[in-house]
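**Q** kindly generate the corresponding structure for this input.
(2 chains)
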Amino acid sequence: MKILIVEDEPPIAREIENMIREIAPKKIEKITLAFTLKEAMKRLLEADIDLCMLDLNLGGNDGYDLLKQSVSGSFHTIIVSAHTEQAIEAFNYGVLDFLPKPVNKERLSTALNKYMKISENRNNSLKYLVVRRHNSNHIISIDQIFYFEAQRYIVKIHLRDKKSEIIEKSLNRLMQILPSYYIRTHRSYIVNINDIEAYSHIGGGVYNLELKNKTILPLSPQMYKKLKSQ
Amino acid sequence: MLSRVIVISFLCGISLFAQNQYVNNYNPSLGSEKYLGYWKYNAVDNIDWADSKINDSDWISVKINEFYIEKKGIHWLRTKINFITEVKGYPVVLKLGRIQSAFEVYWNGTLVGKNGKVGITEVEEEPGLISFALSLDTLAKKGENILSVRFSNFHQMPPGIFFYSKLESNLNTNILSINAFLRTIFTAAIAFAGAIFGLSLFLSGKQYKNYLYYFLFSVSFFISLSLLLLVRFMNISLNYFPIFEPVFLAGLYMAEISIFLFALFSFDVPYKRSLIIAIILVSVVFYVCNLNYKTLFLLNYETYKYLMFPVTLILFIYSFIKKKPGSYIALFGFILYSTNLISGDFIGIKQSFRVDAVRSVFILTYVLVANRHVNHQLQLQKSAELRSKILENELLKKSIQPHFIMNTLFSIKSWIKSDKDKADRLIEAVANEFRVINRIFSKKEITIKEELELCRYHLELMGYRKDATYKLIKNNIKESELIPPLVFHTLIENGITHAYEPMESGTFWITYTEEGNVKKYVLENDGSLLAEIPGNKIEESTGIQYVKARLEENYPGRWKMYYGLSGKNWNSTIIISSGNNL
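**A** Okay, here's the model as predicted:
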């Protein structure tokens, strides 16, 4: 794991680092600390990280912009904050977890586990995904989303109005923050279970998924079996 | 509220009106002259002049209300009184107030009464009573009667004396006298009640200082009425006149001044001092002239009344426009009161009744004005208390904010592991800060010494949190000077957050200067982040709102605060004036 800790009080940042090293010493590849907003923004854009531990109240600001900047990245975000009222909003934007200060070691351990496991603990309060578009952050409401398609280096979000957006997070990472009605129907697709119209076996190990507006997508054999058994 | 005023006015007016109507309807037939207007005058003394049968057609015709003889000696007056019907059974009273200073009354040739003792010289004469009344009873017969008066005027009062010019010679019934008597007592009682009310309100608190003038008005009015009662209805000798006149007049002038001052002090009118001096000067001039230089044209009470009316009216209108509490009723009451400037009878209501009714209503409406004032004061008090509580609350919230407490605890946790000494000192700094806050949180003002003590602990605490060192340098501080709590604490908090990067050390300077009654504090700090603030774009944080609310609460309208970049440093300046508005 490459972890970025964004926190303006150095002793606190160091303590978070220590705690992480104590919990999962073998899993850590690198931990970077950023104390200022400027430094934080730079590191977040570099994006050479897997996980960001983020204090929203950096330098007295309310952190909304910082939050958007963080969740639009390819990495996961865990909020570490003194203000628990911010938790709900943070989850609306797709953070992996929220830790109140002072950080409890067990809670931190649970959060790190969320990072390491895929498709357990889904976030049903997700409302928005933030994508980066031409140097600015753009908010997409979750009900605008039709399905996700992984392409070579990015993930494409197909919207219901036939437009599409590009998001930096991988499908694996997305599965960790999407609500439970999103399923990984294929190596390259995440679909909303409520949009599924029909599924079929074409033949020769090829399976198809038909969505409500007649869109046909490939379906993995395992998912086909799973859908059939429900 | 207005309905209450209307009801009271209506009740007062109607009771006096009823008396008036009763009198008007109860009228023995006296012929065309209820008041003995025209008399015949002779400067020569001769006992024969009493005889009903002598011819007085060559005598000088005089109007009794304007009658005044310079020449001292013994004179005679005669008049005819015609009774249309028998007046037996009705007590008829003859009042000869106008004739001074001692006289004998002859009715149809017979001596029927004496007021004092008529004399050839001043020494021989004994002045009579101010108000002389004679009951005619069976003497009055149907048809023509001759009334003759033999008088000497050695103790005569100069003309133009206010008191005297209102007294008339007239033939009237006892009931009219009783009515006037009762009416005067009734109004005097209301004036007395008003005085008690005004005095008690004045004594109840310093926000009711203006009720002193309401008290003075009522007392002046009461004095005037009491003197009237004495003069008209009691048997007071003419000798007392020289005392009554100045006092009575003073009462009248005091009443006018008091209403003016009441309006001035009730409604926060500007230029108070100049107005007071002007009015008192003018009033004194008028009063002195009125007493001593009676021939000085226009410098008398009548003109004074008409002069004071618009001046006082402007004050009431000003308050009404400014919507001061109670100004609406006050203006109404004053306009009602000023109808007594209109002379003459009015739809059958005699002037005297109208004047007294209106003055009574006036005194009563101001009870309602007082009601308004009291309510307003109570509300102001409540808001002030509420504001105090809100600020206290905000102060406490600031000190237990999650950001402050959670981060500090987390910081302690960190230092315990990496540097136990620093952890200990951080814990101490926190304890010290809370100790001071606990001591000062409910105070409206603390010494600058306590505030800077708090700031010192806070800087120490923040130093451990940011892993830096912050200094506070004091310049010319007067430790006993008072300021509202957590003002500099807030500014320093802002400074640490916005000026310094983590682990960057810094310095705060606080300087105090005093010039006359203006006190100035300047808080300055350095910091590398200050270079990045675009121009003078300052965001108003909730911290600054707290500071401004505190300053306004303690020094309303006489403080100033500004802040901004000054070279490389940040400057916050607070100016407090102990004089009037800045």
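
**Q** for the stretch 301-450 of chain B, what lies in contact range of chain A?
**A** Among all residues of the stretch 301-450 of chain B, those adjacent to chain A (criterion: CB under 8 Å from any CB of the partner chain) are B:402-403, B:405-407, B:409-411, B:413-415, B:417-418. For every residue, glycine as well, the C-beta is placed using N, CA and C.

**Q** just checking, which of those residues belong to helices?
**A** Secondary structure defined by DSSP state H assigns B:402-403, B:405-407, B:409-411, B:413-415, B:417-418 of these to helices.

**Q** circling back to that earlier point, now the residues of the stretch 301-450 of chain B next to chain A in JSON lines, with pLDDT and neighbour count?
**A** As requested, those are arranged in JSON lines below (pLDDT from 0 to 100; neighbours: other CB atoms under 10 Å in any protein chain shown):
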{"residue": "B:402", "pLDDT": "87", "neighbour count": "15"}
{"residue": "B:403", "pLDDT": "87", "neighbour count": "14"}
{"residue": "B:405", "pLDDT": "93", "neighbour count": "15"}
{"residue": "B:406", "pLDDT": "93", "neighbour count": "19"}
{"residue": "B:407", "pLDDT": "94", "neighbour count": "23"}
{"residue": "B:409", "pLDDT": "95", "neighbour count": "16"}
{"residue": "B:410", "pLDDT": "95", "neighbour count": "22"}
{"residue": "B:411", "pLDDT": "95", "neighbour count": "27"}
{"residue": "B:413", "pLDDT": "95", "neighbour count": "18"}
{"residue": "B:414", "pLDDT": "95", "neighbour count": "28"}
{"residue": "B:415", "pLDDT": "96", "neighbour count": "23"}
{"residue": "B:417", "pLDDT": "93", "neighbour count": "13"}
{"residue": "B:418", "pLDDT": "93", "neighbour count": "12"}
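
**Q** looking at the residues you listed, spot the one nearest residue A:170.
**A** When these are compared for distance to residue A:170 (CB to CB), residue B:410 comes out closest, at 32.1 Å.

**Q** correct me if wrong: that closest one contacts residue A:15.
**A** Yes. A contact is recorded between residue B:410 and residue A:15 when judged using CB atoms under 8 Å, the distance being 6.6 Å.

**Q** which residues do the two both contact?
**A** Common contacts of residue B:410 and residue A:15, defined by CB atoms under 8 Å, 6 or more residues apart in numbering or on different chains, comprise residue A:103.

**Q** looking at the chain, which helix or strand is least sure?
**A** Defaulting to chain A. With mean pLDDT, DSSP states H and E as the measure, the helix or strand of chain A carrying the lowest mean pLDDT is helix A:37-46 (a mean of 84).

**Q** that's the wrong chain, I meant chain B
**A** The helix or strand with the lowest mean pLDDT-type score in chain B, counting by mean pLDDT, DSSP H and E, is helix B:162-165 (a mean of 52).

**Q** residue B:401: how many residues sit nearby?
**A** For residue B:401, the number of neighbouring residues by other CB atoms under 10 Å in any protein chain shown comes to 13.

**Q** for it, phi and psi?
**A** Residue B:401 adopts backbone torsions of phi -60, psi 140, taken as degrees, to the nearest 10.

**Q** before we move on, the earlier item: elements contacting whichever helix or strand comes after the least confident helix or strand of chain A?
**A** On the C-terminal side of helix A:37-46, the nearest following helix or strand under DSSP states H and E is strand A:51-54. If contacts are counted by 3 or more CB pairs under 8 Å, 6 or more residues apart in numbering or on different chains; DSSP states H and E, strand A:51-54 sits against strand A:2-6, helix A:64-71, strand A:76-81.

**Q** of those, which is nearest chain B?
**A** Chain B lies closest to strand A:76-81 among these, at 8.4 Å (CB to the nearest CB).

**Q** in its sheet, what does the closest one sit against?
**A** According to DSSP bridges, the neighbouring strands of strand A:76-81, each with its direction, are strand A:51-54 (parallel), strand A:97-100 (parallel).

**Q** residues in contact with stretch B:313-321?
**A** Counting by CB under 8 Å, 6+ apart, the neighbours of stretch B:313-321 from elsewhere in the structure are B:260, B:263-264, B:266-267, B:269, B:327-328, B:330-331, B:334-335, B:338.

**Q** how about CSV for these, with neighbour count, distance to residue B:110 and secondary structure added?
**A** Conversion of the contacts of stretch B:313-321 to CSV gives the following (neighbours: other CB atoms under 10 Å in any protein chain shown; distance: CB to CB, whole Å; DSSP: H, G, I helix; E, B strand; the rest coil):
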residue, neighbour count, distance to residue B:110, secondary structure
B:260, 22, 55, helix
B:263, 25, 58, helix
B:264, 21, 61, helix
B:266, 27, 61, helix
B:267, 20, 64, coil
B:269, 17, 65, coil
B:327, 22, 64, helix
B:328, 19, 63, helix
B:330, 27, 59, helix
B:331, 21, 59, helix
B:334, 22, 54, helix
B:335, 14, 54, helix
B:338, 20, 49, helix
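
**Q** now do the SS call for whichever residue of the stretch 151-300 of chain B sits closest to chain A.
**A** In the stretch 151-300 of chain B, the residue that lies nearest chain A is residue B:268 (42.5 Å; CB to the nearest CB). With DSSP: H, G, I helix; E, B strand; the rest coil as the basis, residue B:268 sits in coil.

**Q** again with the one 10 residues further on
**A** Assigned with three-state DSSP, residue B:278 falls in the helix class.

**Q** so for it, what pLDDT did the model give?
**A** For residue B:278, the model assigns a pLDDT of 92.

**Q** count of residues packed around it?
**A** The number of residues packed near residue B:278 is 12, by other CB under 10 Å.

**Q** over to residue B:528?
**A** Taking other CB under 10 Å as the definition, residue B:528 ends up with a neighbour count of 12.

**Q** try residue A:204
**A** Neighbourhood size, residue A:204 [other CB under 10 Å]: 5.

**Q** please report how far it lies from residue B:499.
**A** Here residue A:204 is placed at a distance of 69 Å from residue B:499 (CB to CB, to the nearest Å).

**Q** can you check residue B:186 too?
**A** When distances are taken as CB to CB, residue B:186 and residue B:499 turn out to be 77 Å apart.

**Q** ok, these two, which is more surrounded?
**A** The residue with the greater number of neighbours, taking residue B:186 and residue B:499 and applying other CB under 10 Å, is residue B:499; the counts read 21 against 18.

**Q** distance of the more buried one from residue B:246?
**A** When residue B:499 is compared with residue B:246 (using CB to CB), they lie 76 Å apart.

**Q** surely residue B:478 and residue B:447 touch.
**A** No. The pair formed by residue B:478 and residue B:447 falls short of the contact definition of CB under 8 Å, at 9.3 Å.

**Q** looking at the two, which one has more neighbours?
**A** Summary of the neighbour comparison: residue B:478 and residue B:447, criterion other CB under 10 Å, with residue B:447 having more neighbours (16 against 12).

**Q** give me the three-state assignment for the residue nearest to the more buried one when sequence neighbours are not counted.
**A** The shortest distance from residue B:447 to any residue that is not its chain neighbour, by CB to CB, 6 or more residues apart in numbering or on different chains, is 5.7 Å, and that residue is residue B:480. Taken by three-state DSSP, the conformation at residue B:480 corresponds to coil.
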